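In: I'll drop the sequence and a predicted model, then ask my questions.
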Amino acid sequence: MFGSKKEPHISKEELALYENAKRRITQKKRLVAHVVIFVIGAIFLIVANQLLGIGKELTFYGYNWFVYAISLWLFLLLYHLISVFITNRFMGKNWEDEQTAILISKQKARIEELSKQIKAEHPLPSIETKKGQTVTVIAAADENNAIGKDNQLIWHLSEDLKRFKSLTNGHHIIMGRKTFESFPKPLPNRTHIVISRQRDYKVPSSVIVVNNLHDALDAAKNDDRPYIIGGGEIYQQAMEFADVIELTKVHHHFENADTYFPEIDTDVWKIVNNQKFEIDDQHDYPYSFITYKRK
Ligand SMILES: NC(=O)c1ccc[n+]([C@@H]2O[C@H](COP(=O)([O-])OP(=O)(O)OC[C@H]3O[C@@H](n4cnc5c(N)ncnc54)[C@H](OP(=O)(O)O)[C@@H]3O)[C@@H](O)[C@H]2O)c1
């Protein structure tokens, strides 16, 4: 629009190849310059010694000093040659990236191992839900599991909001402090339970504040279907005890999200309902309502 000029698009891989080619050209140019300087330098040393007689008497084991100077320089030149054609060729940027990736994955494995060890040595008290109660996680996530950005939702899907309202109507909704703060005001006809580590967190009188998930579930013990409504931190912790996940999958990849829904482990969860809806006047993205139950 308005005749704006399109910038040529260069992918990351193309840019890396270009940078690498530039680096190799510079290395080879330097090597050629080194060879030229070496030849001129060697001639100069021979002339200085043999024709001009500089240090003519200076010999070691029967050889003039310039033989040693040239040999040493030749050795440095060979080292330069090897570093350009062997070391830098086979141990260039790709090799460095591969080594970094190997190191990172080793570190990650070590961290995982340590965290397993810590969990085994100091197990957290597991959260038990009340018998007959169905704790339901309700969320909307994109194809990358993104759920929010800057403490807001990233999309507007009216059918998703309607579904959220109808499912949670009359129930307890459990949420993290940040999700609570993303609402303009508490939602009508639902009991809000807000989890915060802050001891003096101020909320309207109708809202219950607790300091951990255990107390949140306790506050909802008389509800046969309390809903965990987010956000990312709370979903992560709720996955180990929730009974059902009501997920709206938004079939789109959103950029720059900062909060994510946890990966759903298909060894633990099975899909019991899946309905897909296409783009229409009110919905800019296709989406699916998917219900998971713990196996
Ligand atoms: N797409 C969706 O379905 C959906 C749904 C809900 C939210 N969201 C989005 O998710 C984002 C917010 O998620 P978030 O992960 O940043 O924050 P969050 O989970 O809503 O809240 C995090 C806060 O909860 C408290 N908290 C967490 N675990 C706790 C524990 N074990 N004990 C005591 N307090 C605990 C802490 O509050 P204090 O710092 O006060 O201690 C923490 O800072 C927003 O972008 C929101 O729009 C998306």
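Out: Sure thing, it's come through.

In: could I get the average pLDDT for stretch 93-109?
Out: Averaged over stretch 93-109, pLDDT sits at 88.

In: with only the CA atoms kept, save that stretch in CSV.
Out: Output in CSV follows, covering the C-alpha atoms of stretch 93-109 (Å, rounded to 0.1, in the frame of the first residue of the first chain):
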residue,chain,number,x,y,z
LYS,A,93,31.1,-21.4,12.7
ASN,A,94,29.1,-24.6,12.1
TRP,A,95,31.5,-26.6,14.2
GLU,A,96,31.4,-23.9,17.0
ASP,A,97,27.5,-24.0,16.9
GLU,A,98,27.5,-27.8,17.1
GLN,A,99,29.9,-27.8,20.0
THR,A,100,27.8,-25.1,21.8
ALA,A,101,24.6,-27.1,21.2
ILE,A,102,26.2,-30.3,22.6
LEU,A,103,27.4,-28.4,25.7
ILE,A,104,24.0,-26.8,26.2
SER,A,105,22.2,-30.2,25.9
LYS,A,106,24.7,-31.7,28.4
GLN,A,107,24.1,-28.8,30.8
LYS,A,108,20.3,-29.3,30.4
ALA,A,109,20.5,-33.0,31.1
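
In: strands of the protein, start to end?
Out: Along the chain, the segments classed as strands by DSSP state E run 59-60, 63-64, 136-142, 146-148, 172-176, 191-195, 208-210, 227-228, 244-250, 259-260, 269-277, 287-294.

In: and the second one, which strands flank it?
Out: So that's strand 63-64. strand 59-60 (antiparallel) (DSSP bridges).

In: show me the contact partners of the partner strand.
Out: 65, 68 (C-beta atoms under 8 Å, 6 or more residues apart in numbering). C-beta here means a position set from N, CA and C on the backbone, and glycine is covered the same way.

In: 10 Å instead, please
Out: For strand 59-60, contacts defined as C-beta atoms under 10 Å, 6 or more residues apart in numbering pick out 65, 67-68.

In: show me which of those residues are buried.
Out: 65, 67 (16 or more other C-beta atoms under 10 Å).

In: go through the contacts of strand 59-60 and name the one nearest the ligand.
Out: residue 68 (69.3 Å; C-beta to the nearest ligand atom).

In: isn't that closest one right up against residue 49?
Out: No. If you go by C-beta atoms under 10 Å, residue 68 and residue 49 don't touch, sitting 11.1 Å apart.

In: shared neighbours of those two, anything?
Out: In contact with both residue 68 and residue 49: residue 58, using C-beta under 10 Å, 6+ apart.

In: could you report the neighbour count for residue 245?
Out: 23 (other C-beta atoms under 10 Å).

In: gap between it and residue 268?
Out: Distance, residue 245 to residue 268, by C-beta to C-beta, to the nearest Å: 10 Å.

In: what's the answer for residue 256, then?
Out: 30 Å.

In: tell me which of those two has more neighbours.
Out: Taking neighbours as other C-beta under 10 Å, residue 256 and residue 268 compare with residue 268 leading, 11 against 8.

In: surely that one touches residue 241?
Out: No. Checked against C-beta under 10 Å, the pair residue 268 and residue 241 is beyond contact range at 11.5 Å.
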